[in-house]
Every structure is written in structure tokens, then in C-alpha cells.
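**Q** just coords:
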């Protein structure tokens, strides 16, 4: 399976991800090996959460005997709804995993209504 997409004549790898929900938060984890936080951009625009990044080519003194690792651009776009608090998103990059914690707005959480 080719895990790439083309946008504006540029090829991007689509990183593997997992999404989980726990009470008042949604956590998105993306695998971005070799990408530094300086090489990442996380944006919310309208109803889209986008993650893009780039792994740079490793240069070496001398001649490579084997080079299996390449420079690569990543991009993934998620659609989010109005239940997400866009002003309260946390991002953390550790060991090649980008974790995004999105908080669900209080007004969007389920609540029990007492019957009089």
C-alpha cells in the first residue's frame, strides 16, 4: 500500500495515527520518525486540524555505502466539529510520536437532565 498523497504537485507521506477519547479529551497520536519540533506545523483552520512536517536528509562526510533513510514530507488533515475547544489544544513530540490533546467544550459534553 502506498501511503502517500499529492497536494499542489508535492508528494506527502501520510503518517500512521491513532485517535482515542477519554471523557473530556480526544487524543491524536501520529508517528513522525526523525521529525523535530522545528520541522512540524500544527494548525487549526475552520473545521480542519492539519499536521505537516518534514524529515531532513542526513548528510555525511564521505560517501554513503548504504542510505535507506530519505528526506520526507508528512501531511495529515483531520476534520473536527464544533465540540472541540480550538483555544485549548496541547501538542507534544516525544520519541517520534506527536501527541495532540484536544479538549471537548463543556457545552458539548453529554449531561443528565433531571426530570421535575
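**A** Perfect, thanks for sending it. As the structure is a computational prediction, the values presented were derived from the model and not from experiment.

**Q** let me know the secondary structure of the residue nearest the centre of the chain.
**A** Geometric centre of the chain, nearest residue: residue 51, 4.4 Å, by Cα atoms, centre = their mean. Counting by DSSP: H, G, I helix; E, B strand; the rest coil, the backbone at residue 51 sits in strand.

**Q** need the contact list for residue 47.
**A** Listed by Cβ atoms under 8 Å, 6 or more residues apart in numbering, the contact set of residue 47 reads 79-82. For glycine as for every other residue, the C-beta is placed from the backbone atoms N, C-alpha and C.

**Q** switch to 10 Å and redo it
**A** When contacts are counted by Cβ atoms under 10 Å, 6 or more residues apart in numbering, residue 47 touches 78-82, 84, 86.

**Q** would you list those in a markdown table and tack on pLDDT and neighbour count?
**A** As requested, the contacts of residue 47 are exported to a markdown table (pLDDT from 0 to 100; neighbours: other Cβ atoms under 10 Å):
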| residue | pLDDT | neighbour count |
| --- | --- | --- |
| 78 | 94 | 18 |
| 79 | 94 | 8 |
| 80 | 92 | 16 |
| 81 | 90 | 8 |
| 82 | 89 | 10 |
| 84 | 92 | 20 |
| 86 | 91 | 15 |
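
**Q** from the residues you listed, which ones fall inside strands?
**A** Judged by DSSP state E, the contacts of residue 47 include 78-79, 84, 86 as members of strands.

**Q** and which of those residues is nearest to residue 71?
**A** Taking Cβ to Cβ as the measure, residue 71 lies nearest residue 78 of the ones in strands among the contacts of residue 47, at 24.6 Å.

**Q** which residues does the closest one bridge with?
**A** residue 49 (DSSP bridges).

**Q** which pLDDT value belongs to residue 72?
**A** pLDDT for residue 72: 82.

**Q** pretty sure it is touching residue 53, no?
**A** Yes - with contact defined as Cβ atoms under 10 Å, residue 72 counts as touching residue 53 (9.0 Å).
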